[in-house]
Structures are given as structure tokens and as C-alpha cells.
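# Give me the fold of what follows.
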Amino acid sequence: MSCDRGNRTYYVSDERLRAFRALSAKEKLRWVEELATFLRLAQPGESTRSLDAAQRNPG
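Coordinates of the predicted model:
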């Protein structure tokens, strides 16, 4: 079964949006980096070697 990335929806509550808005810029960047790491790990067939290299050599 294929998953069309353009046909996804995700609901975020107003409470969660307010909580994110209240974060400092540094906290928001950390959150985005953690999300990106999670998404890379969740990719089917993605090698963790590229993730390990990115963590050793942050950009």
C-alpha cells in the first residue's frame, strides 16, 4: 500500500499551538531538530549510519 504524502492531514489543538508559540527560539529549534531525527529514524529502509554521522558532525 502506498502512502500519498500530499494527502495527509494532522490536527493540532489550539492548546498545543499556544504551548509551541510560548517556547523560546532556541527551544523551537531543538524541537524541530528532534522531530527531524525522529522522522529520519521512522523512514522505511533508512540507514541509521547517515543519522549517526549527522549527530557526530552537527551542521
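
# for the protein, which spans come out with low pLDDT?
When residues are selected by pLDDT under 70, those of the chain lie in 1-3, 5, 46-55, 58-59.

# and the lengthiest helix in the chain, how far out from the chain's middle?
When the chain is parsed with DSSP state H, its longest helix is helix 25-42. Relative to its chain's centre, helix 25-42 lies at 4 Å (C-alpha atoms, centre = their mean, to the nearest Å).

# which other helices and strands contact it?
Packing partners of helix 25-42 (3 or more C-beta pairs under 8 Å, 6 or more residues apart in numbering; DSSP states H and E): helix 48-56. Yep, even glycine has a C-beta here, placed from its N, CA and C like the rest.

# returning to what we had before: in PDB, could you pull the C-alpha coordinates for the longest helix of the chain?
Output in PDB follows, covering the C-alpha atoms of helix 25-42 (Å, rounded to 0.1, in the frame of the first residue of the first chain):
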ATOM      1  CA  ALA A  25      13.600  30.400  19.600                       C
ATOM      2  CA  LYS A  26      16.300  28.000  20.900                       C
ATOM      3  CA  GLU A  27      13.600  25.600  22.300                       C
ATOM      4  CA  LYS A  28      11.700  25.700  19.000                       C
ATOM      5  CA  LEU A  29      14.900  24.800  17.100                       C
ATOM      6  CA  ARG A  30      15.700  22.000  19.400                       C
ATOM      7  CA  TRP A  31      12.100  20.700  19.000                       C
ATOM      8  CA  VAL A  32      12.400  20.900  15.200                       C
ATOM      9  CA  GLU A  33      15.800  19.000  15.300                       C
ATOM     10  CA  GLU A  34      14.300  16.300  17.500                       C
ATOM     11  CA  LEU A  35      11.300  15.900  15.100                       C
ATOM     12  CA  ALA A  36      13.700  15.700  12.100                       C
ATOM     13  CA  THR A  37      15.700  13.000  13.900                       C
ATOM     14  CA  PHE A  38      12.500  11.000  14.600                       C
ATOM     15  CA  LEU A  39      11.300  11.300  11.000                       C
ATOM     16  CA  ARG A  40      14.700  10.100   9.700                       C
ATOM     17  CA  LEU A  41      14.600   7.100  12.100                       C
ATOM     18  CA  ALA A  42      11.000   6.300  11.100                       C
END
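
# Noted, bye for now.
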